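Trainee: model the following, please.
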Amino acid sequence: MEIYILIGTIIIALGLLQIRNWKPTKNLQQIASTRPSLDREDYITSLNNKGYEREYIELVYDEIYQFIDLPNFPIYPEDDWHLLYGINDLDDVELIDLICNKLNLQKPEQEDFDFIEKNIPL
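Mentor: You can find the predicted model right below:
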């Protein structure tokens with residue numbers, strides 16, 4: 001009997017995860033169909049021309065693209081991660097931590113985020 005409860009709980013949990021992930025994906029599909037395509041190289045070039053290092057841009061792009069997991073979705077530098085990609089709760093912190101670890105950078109503090117938001121345009 002306990003095994004049936006365990007299996008049932010796992011199935012319900014997986015179902016809830018699917019429902020949670022479905023809405024952002026559906027939203028992203030609608031957005032992708034209404035906006036012009038911007039491929040990876042154009043994204044990288046646009047930020048590189050503004051002075052950002054290519055290695056950093058490539059990694060950020062690749063991690064966002066992997067996170068949203070939607071083939072051929074046009075990612076734009078000015079996109080709001082929270083609104084468009086469904087990155088919420090602590091997902092953004094985990095994504096930033098992952099990127100910082102891969103680039104061997106110190107994890108930013110809240111003051112750093114505040115400074116960037118106020119002073120560094122995309």
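
Trainee: point me to the helix or strand that includes V93.
Mentor: helix 91-102 (DSSP states H and E).

Trainee: then that helix to CSV, C-alphas only?
Mentor: Taking Å, rounded to 0.1, in the frame of the first residue of the first chain, the C-alpha atoms of helix 91-102 are listed here in CSV:
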residue,chain,number,x,y,z
ASP,A,91,16.0,30.6,-10.7
ASP,A,92,17.6,33.9,-11.7
VAL,A,93,20.0,33.7,-8.7
GLU,A,94,20.9,30.1,-9.6
LEU,A,95,21.4,31.1,-13.3
ILE,A,96,23.7,34.0,-12.3
ASP,A,97,25.6,31.8,-9.9
LEU,A,98,26.1,29.2,-12.6
ILE,A,99,27.3,31.7,-15.1
CYS,A,100,29.7,33.3,-12.5
ASN,A,101,31.1,29.9,-11.6
LYS,A,102,31.7,29.0,-15.2
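
Trainee: show me which positions of it end up buried.
Mentor: L95, I96, I99 (16 or more other Cβ atoms under 10 Å). All C-beta atoms are positioned from the backbone trio N, CA, C, and that covers glycine.

Trainee: again, but for stretch 27-43
Mentor: Neighbour counts over stretch 27-43 (16+ other Cβ under 10 Å) mark L28, I31, Y43 as buried.

Trainee: circling back: please name every helix or strand in contact with the helix holding V93.
Mentor: Judged by 3 or more Cβ pairs under 8 Å, 6 or more residues apart in numbering; DSSP states H and E, helix 91-102 is in contact with helix 54-68, helix 81-85.

Trainee: distance of the residue nearest to the spatial centre of the chain from E111?
Mentor: For the chain, the residue nearest the mean C-alpha position is I64 (3.7 Å; Cα atoms, centre = their mean). Here the criterion is Cβ to Cβ, to the nearest Å. By it, I64 lies 24 Å from E111.

Trainee: turn the helices and strands packed on helix 91-102 into JSON lines, including distance to N119.
Mentor: Output for the helices and strands packed on helix 91-102, formatted as JSON lines (distance: least, Cβ to Cβ, whole Å):
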{"stretch": "helix 54-68", "distance to N119": "18"}
{"stretch": "helix 81-85", "distance to N119": "19"}
